[in-house]
Structures are given as structure tokens and as C-alpha cells.
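Visitor: fold the following and give me the result.
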Amino acid sequence: MRSHESYKYAALLHASSIRLFLLHPGECDDPLVGELQTFQLDAYLPTPAFEAISYVWGSSKPDHIVECDGKRLLVTQSLKNALQRVRHRKFPTYIWADAICIDQSNMRERELQVALMSAIFSEASTVSVCL
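Guide: Numbering: from 1, shown residues only. Model prediction:
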């Protein structure tokens with residue numbers, strides 16, 4: 001990991017903006033590394049093909065590190081497991097997972113993104129349910 005600094009979210013500029021996590025390829029136990037990119041659901045240019053993950057948040061504290069844009073982003077054990085399962089061994093993959101793609105500390109953003117979740121899951125090329 002290049003930095004011990006925590007990831008800081010940039011504001012989403014449009015009501016239809018979403019973030020997708022470009023998960024870098026790797027083997028199951030390799031560190032989870034990627035970058036967040038912003039797209040608009042209603043833009044003229046379509047979002048890239050992406051996989052939406054539905055998973056159990058559980059009661060566990062987010063204490064597993066995902067490297068996002070070279071910085072630390074903490075996720076729960078269940079999300080870490082889901083990302084390891086959907087990660088491709090050779091190719092980067094766009095993923096939408098709420099705990100990564102939504103700034104959980106920003107209540108207004110959370111409200112707007114929850115309102116978009118039906119559209120997000122409808123636009124996803126694949127939806128994985130990880131229990």
C-alpha cells in the first residue's frame with residue numbers, strides 16, 4: 001500500500017452520479033486494490049459494464065483494508081469476502097458495492113444514492129448476491 005492515509009470521497013456533482021469501484025485483478029488472497037470512478041446513470045455515454053454486489057453487512061466492524069486510489073478504505077469481513085469472490089484473476093472489473101461506492105459518512109449522499117439503487121441494480125450487467 002502506498003499510503004496509510006484514509007480514503008476521502010470527492011463530492012458527487014449530479015443527482016444521477018454514481019461511483020464504480022474498478023477492482024484490479026488478483027488471486028483470492030491478494031490484497032484488494034482498485035480505484036473509484038464517477039459516472040452518470042442518465043448520461044449520453046453509458047456506464048461501463050459493472051457488477052453490483054448485494055451482501056450481508058452484518059454487525060462486524062469495518063476493519064479490513066481495501067486500497068482505493070492508493071489510500072486505505074475499511075470494509076467489513078463480508079464485503080471483503082464478496083470482493084474476493086467476484087474479482088477476476090486477469091482483468092479489472094467494475095463493481096458497485098454500497099459500502100465502497102457511497103460515502104457512508106455523508107447522510108445526504110446516502111439518501112440520494114439509496115433512491116438510485118433500483119436504477120443501479122437494473123443497469124448492472126451482473127448482480128451477485130453474497131450471503
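
Visitor: any idea how far Pro46 is from Leu116?
Guide: According to CB to CB, to the nearest Å, Pro46 stands 15 Å off from Leu116. (C-beta placed from N, C-alpha, C; glycine too.)

Visitor: I'd guessed Arg19 sits against Thr38; true?
Guide: Yes: counting by CB atoms under 8 Å, Arg19 touches Thr38, with 5.5 Å between them.

Visitor: picking up where we left off before, between Pro46 and Leu116, which has more neighbouring residues?
Guide: When Pro46 and Leu116 are compared for neighbours, Leu116 comes out ahead with 16 against 10, by other CB atoms under 10 Å.

Visitor: contacts made by the helix or strand containing the more buried one with the rest, please.
Guide: Assessed by DSSP states H and E, Leu116 sits inside helix 107-123. Here helix 107-123 makes contact (CB atoms under 8 Å, 6 or more residues apart in numbering) with 9, 11-12, 15-16, 18, 41, 47, 50, 52, 54, 96, 98, 101-104, 127.
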